[in-house]
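>>> dropping the sequence and predicted coords here.
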Amino acid sequence: MQKMIAILLIFVIQSCNQSESDDTQPGDFAVFLLSDSTIAAAEAFSQPIDTLLLADSAIITVDDMQSYIWSTHSFSLTDGPDSTFEEYYMSHGSTRGVPFVVMVGDARIYFGTFWWSYSSITPPACAVIYLITPRPYQIRLATDAVDRRNDMRIYESLKNSNVLVD
C-alpha cells in the first residue's frame, strides 16, 4: 500500500510541476539576428516582428551576461562572449544597422538594431544598441520609439538567471 501511495504521489508532483511551468525559465532571454544578414534595420522594422526569420542561434544569451542593470538597460558580457561579440561587430559594421529581436523563450518581445556610431543615418524608431562606444552596452531608444524594454518577461528571466541588477 505504501508503494502505491508513493507512486501516486510522484505522479501528482510531476503533473503539478508540468502545469506550473511558464515562459520565463532561467536562460530564456536571448538576442537573435535575422537569418538574412542583408536586410537593413529600416526594412526589417517595417515588417511584423513575427514574420522575421531569425538566425538558428542567438548572438547574445542570458548565459553570456555578467550583469543587466534594469534602470538603464545596460549590460555587460562575460569575457569570452564579450570578445566574440566585439569581433562580430568590428567586422560587420553597417551604416544601415543590423536588426535583432529580443526574445524570452519562444516569445518575440521587441525589435531593435545594432548601430554604429559613425553612421550619419538615423536609426528607425526602435531599441538601439550603439556599438564602438564605451562599455557597458546599453539598449537605448531611437527617436519616437515605443519602449518595450520593460516587459516583465524579460525582467523575470534576467532575475531568475541571477544577472539582474535593479
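Looks like it came in fine.
>>> quick one: name whatever helix or strand follows the worst-scoring helix or strand of the chain on mean pLDDT.
Least confident helix or strand of the chain, by mean pLDDT, DSSP states H and E, is helix 2-19 with a mean of 37. Downstream of helix 2-19, the next assigned helix or strand under DSSP states H and E is strand 29-33.
>>> can you list contacts of that following strand?
Strand 29-33 has contacts (Cβ atoms under 8 Å, 6 or more residues apart in numbering) with 54-55, 57-62, 65, 98-104, 112, 154, 157-158, 161. Glycine gets a C-beta too; all of them are placed from N, C-alpha and C.
>>> what mean pLDDT does it get?
Taken as a whole, strand 29-33 has an average pLDDT of 96.
>>> strands paired with it, and their directions?
According to DSSP bridges, strand 29-33 forms sheet pairs with strand 60-61 (antiparallel), strand 98-104 (antiparallel).
>>> give me the mean pLDDT for the helix or strand just after the last one.
Reading on from strand 98-104 to the C-terminus, the next helix or strand found by DSSP H and E is strand 107-116. Model confidence over strand 107-116, given as mean pLDDT, is 95.
>>> neighbouring strands of strand 107-116 in the sheet, and parallel or not?
Strand 107-116 is paired, per DSSP bridges, with strand 98-104 (antiparallel), strand 127-131 (parallel).
>>> mean pLDDT for those: which is lowest?
strand 127-131 - the lowest mean pLDDT of the strands paired with strand 107-116, at a mean of 93.
>>> so what touches that one?
So strand 127-131 is in contact with 89, 93, 97, 100, 102, 110-117, 137-142, 145, 148-149, going by Cβ under 8 Å, 6+ apart.
>>> alpha carbons of it, as PDB, please.
Extracted C-alpha coordinates of strand 127-131, given in PDB (Å, rounded to 0.1, in the frame of the first residue of the first chain):
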ATOM      1  CA  ALA A 127      15.600  49.900 -29.500                       C
ATOM      2  CA  VAL A 128      19.200  50.600 -30.400                       C
ATOM      3  CA  ILE A 129      22.500  49.200 -29.100                       C
ATOM      4  CA  TYR A 130      25.200  51.600 -30.200                       C
ATOM      5  CA  LEU A 131      28.500  49.900 -30.900                       C
END
